[in-house]
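Q: Turn this into a model:
(2 chains)
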There are 2 protein chains.
Amino acid sequence: MAKKTASQKRSKVNAEDMAAQQREISVSEFFSKNRHLLGFDNPKRALLTTIKEAVDNSLDACEEAGIMPEVWVEINQYENREDRFTIKVKDNGPGIVKEQVGRIFGKLLYGSKFHRLKMNRGQQGIGISAAGMYGQLTTGKPVIIISKTRENAPAEYMEVVLDTRHNEPKVTKEKQIEWEAKAGTEVRIDLEGHYQRGKWSPDEYLRQTAMANPHVSLYYKDPDGKVMSWERASDVMPKDPKAIKPHPHGIELGILINMLHQTKSKKLKACLKNDFCRVSDNVSKAICDKAGIYENARPKRIARQEAENLLNAIKETKLMNPPLDCIAPIGERQILAGLQNQVDAEFYEAVTRKPSVYRGNPFLIEAGVAFGGDIPADRSAKLMRFANRVPLLYQSGACVMTQGVQKMNWKLYKVEQPQGALPVGPMMILIHVASPWVPFTSESKEAVACYPELEKEITLALQDIGRKLRIFRNRKNRYKEENRKRKYIEKYIPHIGEALQEILAFSDAEREKLTETLTATLEKTRMQKVS
Amino acid sequence: MAKKTASQKRSKVNAEDMAAQQREISVSEFFSKNRHLLGFDNPKRALLTTIKEAVDNSLDACEEAGIMPEVWVEINQYENREDRFTIKVKDNGPGIVKEQVGRIFGKLLYGSKFHRLKMNRGQQGIGISAAGMYGQLTTGKPVIIISKTRENAPAEYMEVVLDTRHNEPKVTKEKQIEWEAKAGTEVRIDLEGHYQRGKWSPDEYLRQTAMANPHVSLYYKDPDGKVMSWERASDVMPKDPKAIKPHPHGIELGILINMLHQTKSKKLKACLKNDFCRVSDNVSKAICDKAGIYENARPKRIARQEAENLLNAIKETKLMNPPLDCIAPIGERQILAGLQNQVDAEFYEAVTRKPSVYRGNPFLIEAGVAFGGDIPADRSAKLMRFANRVPLLYQSGACVMTQGVQKMNWKLYKVEQPQGALPVGPMMILIHVASPWVPFTSESKEAVACYPELEKEITLALQDIGRKLRIFRNRKNRYKEENRKRKYIEKYIPHIGEALQEILAFSDAEREKLTETLTATLEKTRMQKVS
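A: Predicted coordinates:
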């Protein structure tokens, strides 16, 4: 055997050595190391994110089951440590069947909302299990779930941990308990966190949630034991959004190929009709013809090049926009009520735009503005952002809603605005993006990506309100001006009266009558001008 | 049986219906729907990201195998379509063993770099397989890989597709082929993209890569057939960074519990010593004592509360900083050479800081500045950001490096700066963050999160350079001022000579000598003052 030279001894690893190190990474390992991507990058944000994920899930479940939501949120310190909290969120929803509890709370990427196109608060199947994982990471404690699905049955109590290495749940304790509620779910997560009031607080999140969800009753106990509640302001359940099928115009080649391979239809024509929205029998046949593919071809047999021809044919075919009942707006009346509840202003206006489409996904923009009154006048306008009725508190700068407001020329609407910034004045702005697939910029779902289609609709909504605001501002200015003139004239009317009395030798009664007439005439003119 | 009432008919889904809809979401389904998170949100960026992931992998593999890297990059249009490209990246690395090819290119979250603490370009096991998935999504084509691990063997040719639904690779074609190279890997990805020169182009990415990696030879053919190359400027391979074990001070309770459960050690004392860095026999014993746990306790048996005591004991124990040979800096000399190669300036300076630690992770900051000369003076400074020698082109605003530069008070160093913005002037700034775990703000790895520890080190590095820049600027200003005075005096010296000649009745020769002496004296004084 040849001796190794010095350089060979120093030689590095080869392909085989490298192969031996390759390993699968579980998605929970990935996100536990990268948990800032999910909104758990610091204790303050982690606390808020946990509450947010739990409340969002409760509201989604209640609405889907047709139950008017009531949600109780509690933050309690524990073990007498300033940095440790138990978060408790309880709802009056339909409960969760026992077999699903483990996976819903103890497995990342598991859920019912990812695979369908329907407007929901959650859409990823990560949120609540990530919150549980964060709690476990920082305190070593399991997530506790109590769930009851039927009135005359006991509730299930379960403790769940997430096996990070395999992204699988482990139920470490389970028992049946008596529970006062008819049905519902309660989740308790222990975590390291930091509680603070103000801009990015759970308080603010809950306040804004109540505002965008007037059909919800929220009860909240903060760590100091202070209790707040927002009773429902509306007995009308929001329209139940429908799940839709994908629209052909938003589809990409790879997705189309996957759909052809996975379809239950035996024939191409049926596949196009059944698996997409807005494709009728006739349209389907027309697409097949245009692509030069036999309409009875077996979808699984269609080769890449044929799929590409099919896609081109789809792109050239005019189709109706996707159905829009997959979106449930808050509604102008409810937005106005929400703003009026929040603040005492002089001007309120709200707009719900017609639904529109980006990349085959329907979406809808709503906006509301309150102006004047008690709102501080010397600061930037307060912008409240919502996506599918969920308030977004972090990452404002990266969000299409912020950028839409900043890019508007507010001076046109008589509002001060530093170059490219938020307008300055006594103003509160609300924007809501609703869609079965909101394009968030990160898994933490705090900012909506800047698609031009979204930005355009936001601008149109704000311009619509802006025009009304300008009229209000003009009228107010005109009123002020009139008032100034009127006061000026009123001041001199008695003198004019006296002068005329002297010149025309009026009696005192005549002088008084003259003064009254002059005042009345003035008032009439002013009214005509202003109204 | 009771008849259903109208309201019951309208009743929504219950817990069982919901359970039936719950489903696992594969990580590839998740990222194919959320691919903007990985840097594939538009065709231009997708093209760059693909090249970047392939080149990063090539460089990592070469260096790990101790081979001076040579990388060929080609972008070719195909099918005569402006929006379709074949990306080809070839290296002279160690190759990949056949059994691993499928999973490396056709499975997300698979790799060798995630589970170890070592400075690498890649760290997530997502990049190259995500690029392949994007290509497949937009063109339906498989990824083609050619790999050769031994000189006297044929190369393996493979075509790989990713089964998105299950996140599993499928090798659709494989054969052995003759290949001219001794060893290496070539990857070809067809994709929809958009090619454009300039700020965010592959050209710029490769230029900056060459700059931060002077030991690399890069060859590049752009879509117009234009060939560029950057030959290696240094024959010195960068120091091979060592993989380290986690440092006890960066550990969280959940992680500690996991480590105790998974350790190969049978006794607690051994576990602490073997699974962490900077824990000696004595230190390990001291920690056990402080926590009140028997040093021979079985790690798997340690309960949550004990683990918590253990963690508190660790936190109270003074430990050496983690070893720093897991970081390989570029080095001041190489940074200077890189800057000099890039641009003709008057001032060059570079600094490599000592390694430092955030959350138990070692990191190191380097910075370089070029000033004056050919650099345009009327614009913001050009900032080049690097993480583990990889240029970062997108998301500059969100990056700690940008924020570090913006927060500096550049006026102190005689450089103009609009409030809170990049400095303005003929300046180029390079910053490099090196760490076995760079805290990126998203999976697309384009911006580094704003940890205070990182920001502080960046500020210190820039201040260091700033002080030298101020001296240079002062000297240059003084020189300018002297020069002005000198020219002024020089202008009058002949006249003084003539005047004296007249007064003292000098000869012409005497006058000339006098003029010379005066000039020399002036020169001498000036030199003394300036130097």
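Q: where's the residue of the stretch 201-350 of chain A found nearest chain B, which helix or strand?
A: Closest residue of the stretch 201-350 of chain A to chain B, C-beta to the nearest C-beta: residue A:254 (3.4 Å). Every C-beta, even on glycine, is put in place using the N, C-alpha and C of the backbone. Residue A:254 belongs to helix A:253-262 when assigned by DSSP states H and E.
Q: Tell me the pLDDT of the most centrally placed residue in chain A.
A: Chain A has residue A:387 as the residue nearest its centroid, 1.5 Å off, counting by C-alpha atoms, centre = their mean. pLDDT for residue A:387: 96.
Q: Report the separation between it and residue A:447.
A: 9 Å (C-beta to C-beta, to the nearest Å).
Q: repeat for residue A:303
A: According to C-beta to C-beta, residue A:303 stands 41 Å off from residue A:447.
Q: same question, residue A:464
A: Relative to residue A:447, and taking C-beta to C-beta, residue A:464 is found at 24 Å.
Q: the more surrounded of those two?
A: residue A:447 (23 against 15; other C-beta atoms under 10 Å in any protein chain shown).
Q: So which residues of the stretch 401-531 of chain A form helices?
A: Remark: helices assigned in the stretch 401-531 of chain A by DSSP state H, counting those that start in this stretch are A:452-504, A:508-530.
Q: ok, which residues in the stretch 301-450 of chain A are in contact with chain B?
A: For the stretch 301-450 of chain A, the contact set with chain B under C-beta under 8 Å from any C-beta of the partner chain comprises A:304, A:307, A:308, A:398, A:437, A:439, A:441, A:442, A:443, A:449.
Q: and of those residues, the nearest to chain B?
A: When those are compared for distance to chain B (C-beta to the nearest C-beta), residue A:304 wins out at 4.4 Å.
Q: State the distance from the spatially closest residue to that closest one that is not a sequence neighbour to residue A:257.
A: In space, and not counting its chain neighbours, residue A:304 is closest to residue B:140: 4.4 Å by C-beta to C-beta, 6 or more residues apart in numbering or on different chains. Between residue B:140 and residue A:257 the distance is 5 Å, computed by C-beta to C-beta.
Q: Extract the CA atoms of stretch A:282-297 and return them as PDB.
A: Output in PDB follows, covering the C-alpha atoms of stretch A:282-297 (Å, rounded to 0.1, in the frame of the first residue of the first chain):
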ATOM      1  CA  ASN A 282     -68.700  24.700 -24.600                       C
ATOM      2  CA  VAL A 283     -65.700  26.600 -23.300                       C
ATOM      3  CA  SER A 284     -63.900  23.300 -22.500                       C
ATOM      4  CA  LYS A 285     -64.500  22.000 -25.900                       C
ATOM      5  CA  ALA A 286     -63.300  25.200 -27.500                       C
ATOM      6  CA  ILE A 287     -60.100  25.100 -25.500                       C
ATOM      7  CA  CYS A 288     -59.400  21.500 -26.500                       C
ATOM      8  CA  ASP A 289     -60.000  22.400 -30.100                       C
ATOM      9  CA  LYS A 290     -57.700  25.400 -30.000                       C
ATOM     10  CA  ALA A 291     -55.000  23.300 -28.400                       C
ATOM     11  CA  GLY A 292     -55.400  20.600 -31.000                       C
ATOM     12  CA  ILE A 293     -56.000  17.900 -28.400                       C
ATOM     13  CA  TYR A 294     -58.800  15.400 -28.600                       C
ATOM     14  CA  GLU A 295     -61.500  16.300 -26.000                       C
ATOM     15  CA  ASN A 296     -61.800  12.700 -24.800                       C
ATOM     16  CA  ALA A 297     -58.100  12.300 -24.300                       C
END
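Q: Can you list the neighbours in contact with it?
A: Defining contact as C-beta atoms under 8 Å, 6 or more residues apart in numbering or on different chains, one finds that stretch A:282-297 is touched by A:267-270, A:272-273, A:279, A:302, A:306, A:309-310, A:312-314, A:316-317, A:319.
Q: likewise stretch A:370-385?
A: With C-beta under 8 Å, 6+ apart as the criterion, stretch A:370-385 contacts A:208, A:211, A:339-340, A:342-348, A:391-392, A:396, A:399, A:401-402, A:405, A:415, A:421-431, A:448, A:469, A:472.
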